[in-house]
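Engineer: here is a sequence together with a model predicted from it:
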Amino acid sequence: MTRRVRKAVLPVAGLGTRVLPGAKTVPKNLLNVVDRPILSYIVEEGRAAGIEHFVFIVGRGQGAIEDYFDSMPEVEGILEAKGKVDILADVRRDLPQHAGQMSFIRQMAPLGLGHAVWCARDVIGDEPFAVMLPDMLMAANPPALAQAIAAHEKTGGNIVVVEPAPEGEAHKYGIVALDGQQGRLNRMTGMVEKPPPGTEPSNLFISGRYVLTPEIFKVLETQARGAGGEIQLTDGMANLMKTQAFHALEYEGTTYDCGDKIGLLRANVAFALARPDLAQAAREAIQALL
């Protein structure tokens, strides 16, 4: 019987170089999309998928992330005294419901995504778990992670969420190789990081959601450094694929790369237009600029 996915790892220690200077003093994952930090949407997606424990892998100078998920009695008290119940509810919506719902682990050096995931090994234990890249904001119904967990429950193995690369740009991404392609869920045979143009095994690139078995930790522990001198998660998954099944899930939804300036702008526009309370005003503001 497949064990339920209860925990998610969120690697948030990146420097956000693509969104500087905005990320110079504010962690990039706390930059706003409309009126909420990017991380707020990510945690909301995880909770909707049944995640009970979020493991944040943070770096130096990112204490604001932990502070965001803590209560602020002074602010909350003022809002309560003034009867601003709607704003108070918004401020409290992301707070953990109990003390054991969130963990924060310091990644002492920027050694790559694989190393960040490995840092969570003691908290995750021997359970299957999710990895959510917080740069990638996914608008989907059901949520992208819920789709991935459903695929995991069906196959019992590792799931990598993918989507089609823009026309002619597959060589810019990590691309999956498939054992045939029928429907949205297919067995993987390999992964290629930024293949030379014309050699791509498919047009499906690795997005930002994974469901992995705990055996990945043993692989990552001895994984040699790869591209950029970092411990790459894709290298670890490729090694684990020698003994375990991996499936690629082409999820239904839209991805916004919020680690990119234009991607962050697109997310702000799209999410504002999707808000019933803001859609009309947002549309008028956008049209006035055209």
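Structural biologist: Structure's in. What do you need?
Engineer: I'd like the C-alpha coordinates of the helix or strand that contains residue 283 written as PDB, please.
Structural biologist: Here residue 283, judged by DSSP states H and E, is contained in helix 279-289. C-alpha atoms of helix 279-289 as PDB (Å, rounded to 0.1, in the frame of the first residue of the first chain):
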ATOM      1  CA  ALA A 279     -10.500  41.800 -11.800                       C
ATOM      2  CA  GLN A 280     -12.400  44.800 -13.200                       C
ATOM      3  CA  ALA A 281     -10.100  47.400 -11.700                       C
ATOM      4  CA  ALA A 282      -7.000  45.500 -12.800                       C
ATOM      5  CA  ARG A 283      -8.300  45.200 -16.400                       C
ATOM      6  CA  GLU A 284      -9.100  48.900 -16.500                       C
ATOM      7  CA  ALA A 285      -5.600  49.700 -15.100                       C
ATOM      8  CA  ILE A 286      -3.900  47.500 -17.700                       C
ATOM      9  CA  GLN A 287      -5.900  48.900 -20.600                       C
ATOM     10  CA  ALA A 288      -5.200  52.400 -19.500                       C
ATOM     11  CA  LEU A 289      -1.500  51.700 -20.000                       C
END
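Engineer: residues in contact with that helix?
Structural biologist: Residues external to helix 279-289 that are found in contact with it (CB atoms under 8 Å, 6 or more residues apart in numbering): 269, 272-273, 275. For the C-beta atoms, the positions are set from N, CA and C on the backbone; glycine is no exception.
Engineer: redo those as CSV? Include distance to residue 177.
Structural biologist: What follows is these, written out as CSV (distance: CB to CB, whole Å):
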residue, distance to residue 177
269, 35
272, 38
273, 36
275, 39
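Engineer: which single one of those is nearest to residue 89?
Structural biologist: Closest to residue 89 out of the contacts of helix 279-289 is residue 275 (15.7 Å), distances taken as CB to CB.
Engineer: contacting residues for the residue lying closest to that closest one once chain neighbours are set aside?
Structural biologist: Using CB to CB, 6 or more residues apart in numbering and skipping residues adjacent in sequence, the residue nearest residue 275 is residue 34, 6.8 Å away. Contacts for residue 34 were tallied using CB under 8 Å, 6+ apart; they are 268, 271-272, 275, 278.
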